[in-house]
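Chemist: After the sequence you'll find the predicted model.
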Amino acid sequence: MNLISIQSHVVYGHVGNSAAVFPLQRMGVEVWPIHTVQFSNHTGYGQWQGRVFDAGLIRDLVAGLETRGVLGECDGVLSGYIGSPEIGAAILDAVATVKRANPSARYCCDPVIGDVGKGAFVREGVAEFMRDRAVAAADIVTPNHFELDFLTGRASRTLDQARAAVKTLHARGPRAVLVTSLAVDDTPADAVDLLACDETGEFRLRTPKLAVAANGAGDAIAAMFCAHYLRSGQIAEALSRAASTMFGVLAKTAEAGAPEIQPVLAQDEIVNPTRVFAAERLS
């Protein structure tokens, strides 16, 4: 499998492509990374160096791949954090170019906007771009709970409300939806829920909550879910595999006391997770 991953990149730590590329490669996926930004480290540290790349660079790189005649071998495009709406438009152009070359290719959009307790942390216009344009273009979307509520314009306080919000996203175009970090009224305080849905059904998966708040977990699980779903076509299997791996990586990260996920340290968890969680069918 070949995937283009268009995301942010940091030199130190693991977010964006720095969180997605290695796990995908460890799974045996050939990744063609395109960086939307390159920073010294995650901006959450308060100080960083680097720059946001312009939309023209993304178009140039995709054009170069098109000239090589390799886009017909590309099975999908994965996108995450974008620095501006203009970069988002370039990503959608890239998706269209790939799909012309390979109509069976799929687009997985991780609509990075913000998080519960933090609010939105993207630049002006990015959240609206995700809501108004990116979701409709995507085959797979992977919002967290905060992003699900923003994209659908409703608060999901119960599981039924979250399921209704997912149906709203489906109606806009995406075939598959994964909701991460879901916390509704029946989610235990010591657990984390995930919700995944496509035309075959709705599935919930619950894992214990670990004492870790590491950067990059959302980027990594979105990438792994995308790859597993494209490989198997089975949403419950993709949910189980991605969540089990992410739990294993986070457990190793917690043991190390690291502020960033540790995919290299925990690489065996990527292919053979110590603990496997099964998805529960809801419908």
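Modeler: Structure received.

Chemist: Give the closest residue to Ile58 in space, chain neighbours not counted.
Modeler: Nearest-residue entry for Ile58: Ala90, 4.2 Å, with adjacent residues in sequence omitted and distances by CB to CB, 6 or more residues apart in numbering. (C-beta placed from N, C-alpha, C; glycine too.)

Chemist: Could you check how far that neighbour is from Asn144?
Modeler: Ala90 sits 24 Å away from Asn144 when distances are taken as CB to CB, to the nearest Å.

Chemist: Which of the helices or strands spans the residue of the chain most remote from its centre?
Modeler: Distance from the C-alpha centroid of the chain peaks at Thr67, with 28.2 Å (CA atoms, centre = their mean). Thr67 is part of helix 55-68 when elements are defined by DSSP states H and E.

Chemist: CA-only coordinates of that helix in CSV, if you can.
Modeler: Only the C-alpha atoms of helix 55-68 are listed here, as CSV (Å, rounded to 0.1, in the frame of the first residue of the first chain):
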residue,chain,number,x,y,z
ALA,A,55,0.2,26.0,-0.9
GLY,A,56,2.4,26.4,-3.9
LEU,A,57,5.0,24.0,-2.5
ILE,A,58,2.4,21.3,-2.0
ARG,A,59,1.1,21.7,-5.6
ASP,A,60,4.7,21.6,-6.9
LEU,A,61,5.5,18.3,-5.0
VAL,A,62,2.3,16.7,-6.2
ALA,A,63,3.0,17.8,-9.8
GLY,A,64,6.4,16.3,-9.5
LEU,A,65,4.9,13.0,-8.5
GLU,A,66,2.4,13.2,-11.4
THR,A,67,5.3,13.8,-13.8
ARG,A,68,7.0,10.6,-12.4
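
Chemist: buried sites along that helix?
Modeler: Residues of helix 55-68 classed as buried by neighbour count (16 or more other CB atoms under 10 Å): Ala55, Ile58, Arg59, Leu61, Val62, Leu65, Glu66.

Chemist: for stretch 7-21, same thing?
Modeler: In terms of neighbour count (16+ other CB under 10 Å), stretch 7-21 has its buried residues at 7-10, 13-21.
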